[in-house]
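Asker: Provided below for reference: sequence and predicted model.
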Amino acid sequence: DKTGFNTSIDPASYASADIYKTANDLAYKAFEGKVTMPTIAEFEELFALCTREWVEVEGVAGYKFTGPNGNSIFMPAAGSRTQGTTTGVGVEGCYLSGSINVSDTQFAMSYHFNSALATRATTPVYQALAIRAVSTAKNVPFDRSLLYSKWYIDNGQDGEQHVFEGPFTQWGKTYDWAIVSNGQPNIGKEIHWEMGTENGWIGYTYGVDYGYMEFFEDGTVNIHRLTDDGVATDETGKYTIDEANKVIDIDINVLCANTWVAVKSGKLNILSLTSDGLQIALPNTDEYAYSVNYYSQRKAEADAKIPVSLICVDSSWGGTWGTEVARLSPDALAGQHTFTYEGSSDDVVVFTLDFPDLLTRYPNAFVRIDEMKCDGNAIQFNANNFFYGDIEGKGTYRVELFNIYGIGAADGKVLNSAFSNSQNMGSESAPHFNNSLAITYTVFIDGNGAGTYTPNLVTIPNWDGAGTWGYNAGGTLEVKYENFRYSLVTPQFDIKYEGTGCAAGSIMTFIEVADLYGFFPGTHAVLDNLYLDGSEVTFDATKVLDANDSSKYRLELWNCYGATKNAGCAFGTPDGDVIKELGFSTSMEVKFTFHKLFAVPQW
């Protein structure tokens, strides 16, 4: 009953469908679009998630609801009215939702409560109930300083939709900041059509303007336009902002490509403005408005892809001095990637992989080479002899694989080849391919692997609590990154653990270093000596294995769940899961050395 005075008990006199966010939404009518009626699901949520207390507020009985965040609301027991008779005041709360009973549209969904119970119910549509409105407004603040940037049409010409689905969105002519940014309903004309990827508009007539629009704090705007035939023009205008109504008044046409829309300057509604995106509505003569959807310079820089460039030149100067073999988006940058270069090389003299601007954006980045295939066949390499980082001082991350002019060379010869055990080489024939070169590599952006690590001894006899899950005698392992190479500092360790309860043997004994394997899966350590209760133990060194648990490196002496379970134990034969030869009464002392961060092939 939009009038508030209808006393008819004929259901045909009232709505027979959901009314929330429609022209029959009474809350919307009363509060000019800033609120709506609740759905029955929202009532269920209120009663399920809030604590409630039957109280009196200024002499009125009802429920006080307190939410998980500590905020509260009060809903009075206002009763209900049928025709001219009101009942239940002060005793019963009867609240109307905007949801109809789909089984019988002569009844609306409602919520009833008193001091003893609360439940959803159905109520004849002619019965007048109380309404507790739900705010739709998000109260998004308008920050005009966000406008001071360069803005580009989000037209997908660079292969990306940065903020919006397409360059334009169709709205009703009354849409404004309150509706689009704050979420207030627009009962009059509900239109929202994304003229984007699903509709084939990107890259066609309405997205050919590849320029930018730049707003300045002094009230001037410069629009750099690129027309269909590539002609660039610059135009300067002035603008003012009505912050209360979120309206821009601009004296030149906004950047909008070849749109048919009638109005492109003057007073235009700003529909949304964030540090990433901007929407300005252009009203047309067809009762609609069409927003131009822009993304900011900040967003463009954040989304810019990192190119990957290969230099692979042989002694005849054939090959490539910088073919772009990949472009990596920021959200997919960290992790493993593979590219394939089609070409040939007999013997490389310059062989590098470059990532321009990677270090400018990610100063602590690291790129690890995982595999190389020449004509589909994997080749061996010693990554300890690569050089890593901003070798040329230009913000480009480079992995120098072999370079007779590079940091790893002198007098035109590479001092130590990464592809053989040769030295002082003017070229290297090992990376030989006739058709293709494929490289798999991993990019790290949050750390370059350098730093301090702590080796811990783990030895467990069973699950009764004896032994240790991580004992360290104070020693740390330093991975140094210096002169564009990685090295190990003080790699020898002596850990002596004293404890009881381990005499029966071990189900797992290993040295563990957190995070090390994640950066350097080729890490190699060697067990030098093992002492049990002060006596040295002999062992088969070939069965003490490099292993891992996720990103943790392990030098595995025995692990009933690990690599040594299948390869065999260096200390004896397991009895079930237990190696009795690793038992001790008072102490276990382990001496070990880290030798390499990257695997060294057996040439």
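Answerer: It's in. Note that the structure is predicted; figures quoted are calculated from it, not measured.

Asker: not counting sequence-adjacent ones, nearest residue to residue 563?
Answerer: Of all residues not flanking residue 563 in the chain, residue 547 sits nearest, at 4.3 Å (C-beta to C-beta, 6 or more residues apart in numbering). Where C-beta positions appear, they are placed from N, C-alpha and C, glycine not excepted.

Asker: and that neighbour, what element?
Answerer: Using DSSP states H and E, residue 547 falls within strand 545-549.

Asker: may I see the buried residues of that strand?
Answerer: 545-548 (16 or more other C-beta atoms under 10 Å).

Asker: ok, stretch 179-194 next?
Answerer: Residues 179-182, 184-187, 191, 194 are the ones in stretch 179-194 that count as buried (16+ other C-beta under 10 Å).

Asker: and those residues, which is closest to residue 45?
Answerer: Each of these was scored against residue 45 by C-beta to C-beta, and residue 185 proved nearest at 19.2 Å.

Asker: the closest one contacts residue 27, correct?
Answerer: No - the pair residue 185 / residue 27 is not scored as a contact, 9.9 Å apart, by C-beta atoms under 8 Å.

Asker: which parts of the stretch 401-550 of the chain are strands?
Answerer: 409-410, 413-416, 423-425, 436-444, 451-453, 455-460, 468-471, 477-482, 485-489, 492-498, 508-513, 524-532, 535-536, 545-549 (DSSP state E, counting those that start in this stretch).

Asker: make a markdown table out of those strands and add distance to residue 267 and mean pLDDT.
Answerer: Conversion of those to a markdown table gives the following (distance: least, C-beta to C-beta, whole Å; pLDDT from 0 to 100):
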| stretch | distance to residue 267 | mean pLDDT |
| --- | --- | --- |
| strand 409-410 | 66 | 96 |
| strand 413-416 | 68 | 97 |
| strand 423-425 | 72 | 96 |
| strand 436-444 | 48 | 98 |
| strand 451-453 | 57 | 97 |
| strand 455-460 | 68 | 97 |
| strand 468-471 | 68 | 95 |
| strand 477-482 | 58 | 97 |
| strand 485-489 | 61 | 96 |
| strand 492-498 | 74 | 97 |
| strand 508-513 | 65 | 98 |
| strand 524-532 | 71 | 98 |
| strand 535-536 | 89 | 97 |
| strand 545-549 | 64 | 97 |
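
Asker: okay, those, which one's buried deepest?
Answerer: Comparing the strands of the stretch 401-550 of the chain by mean neighbour count (mean count of other C-beta atoms under 10 Å), strand 508-513 ranks first with a mean of 24.

Asker: for it, output the C-alpha coordinates as PDB.
Answerer: Extracted as PDB, the C-alpha positions of strand 508-513 are listed here (Å, rounded to 0.1, in the frame of the first residue of the first chain):
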ATOM      1  CA  MET A 508      63.400 -40.200  10.800                       C
ATOM      2  CA  THR A 509      66.700 -38.400  11.100                       C
ATOM      3  CA  PHE A 510      67.700 -35.500   8.900                       C
ATOM      4  CA  ILE A 511      69.000 -32.000   8.700                       C
ATOM      5  CA  GLU A 512      66.300 -29.500   7.700                       C
ATOM      6  CA  VAL A 513      66.700 -25.900   6.400                       C
END
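
Asker: sheet partners, orientation included, of that strand?
Answerer: Strand 508-513 has the following strand partners under DSSP bridges: strand 455-460 (antiparallel), strand 552-559 (antiparallel).

Asker: hmm, residue 366 and residue 444 touching each other?
Answerer: Yes - assessed by C-beta under 8 Å, residue 444 is found in contact with residue 366 at 4.3 Å.

Asker: quick one: common contacting residues for these two?
Answerer: residue 519 (C-beta atoms under 8 Å, 6 or more residues apart in numbering).

Asker: closest to residue 146 out of the strands paired with strand 508-513?
Answerer: strand 552-559 (44.1 Å).

Asker: which residues touch that closest one?
Answerer: For strand 552-559, using C-beta under 8 Å, 6+ apart, the contacting residues are 506-517, 520, 523, 525-527, 530, 539, 544-548, 562-565, 569-571, 574, 579, 582, 590, 592.

Asker: again, only using 6 Å
Answerer: The contact list for strand 552-559 (C-beta atoms under 6 Å, 6 or more residues apart in numbering) reads 506, 508-514, 516-517, 523, 525, 544-545, 547-548, 562-564, 569, 579, 592.

Asker: do stretch 135-152 as well
Answerer: 34-36, 181-184, 212-215, 217, 241, 243, 246, 273, 275, 278, 294-297.

Asker: let's see 8 Å
Answerer: 34-36, 177-178, 181-185, 210-217, 241, 243, 246, 255, 270, 273-275, 278, 294-298, 300.

Asker: show me the contacts for residue 386.
Answerer: 369, 399-401, 418, 485.

Asker: please pick the buried ones from those.
Answerer: 369, 399-401, 418, 485.

Asker: just the residues you listed now: which is nearest residue 464?
Answerer: residue 369 (45.4 Å).

Asker: contact partners for the closest one?
Answerer: 353, 381, 383, 386, 399, 401, 439-441.

Asker: export these as TSV, with columns for distance to residue 324.
Answerer: As requested, the contacts of residue 369 are exported to TSV (distance: C-beta to C-beta, whole Å):
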residue	distance to residue 324
353	12
381	23
383	23
386	21
399	16
401	17
439	14
440	18
441	15
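
Asker: okay, buried residues for stretch 132-142 please.
Answerer: Neighbour count says stretch 132-142 has 132-134, 136, 142 buried, by 16+ other C-beta under 10 Å.

Asker: okay, how far is it across it, tip to tip?
Answerer: 28 Å (C-alpha to C-alpha, to the nearest Å).

Asker: rounded mean pLDDT for that stretch, please.
Answerer: Across stretch 132-142, the average pLDDT comes to 84.

Asker: could you tell me how far it lies from the centre of the chain?
Answerer: The gap between where stretch 132-142 is centred and where its chain is centred comes out at 28 Å by C-alpha atoms, centre = their mean, to the nearest Å.
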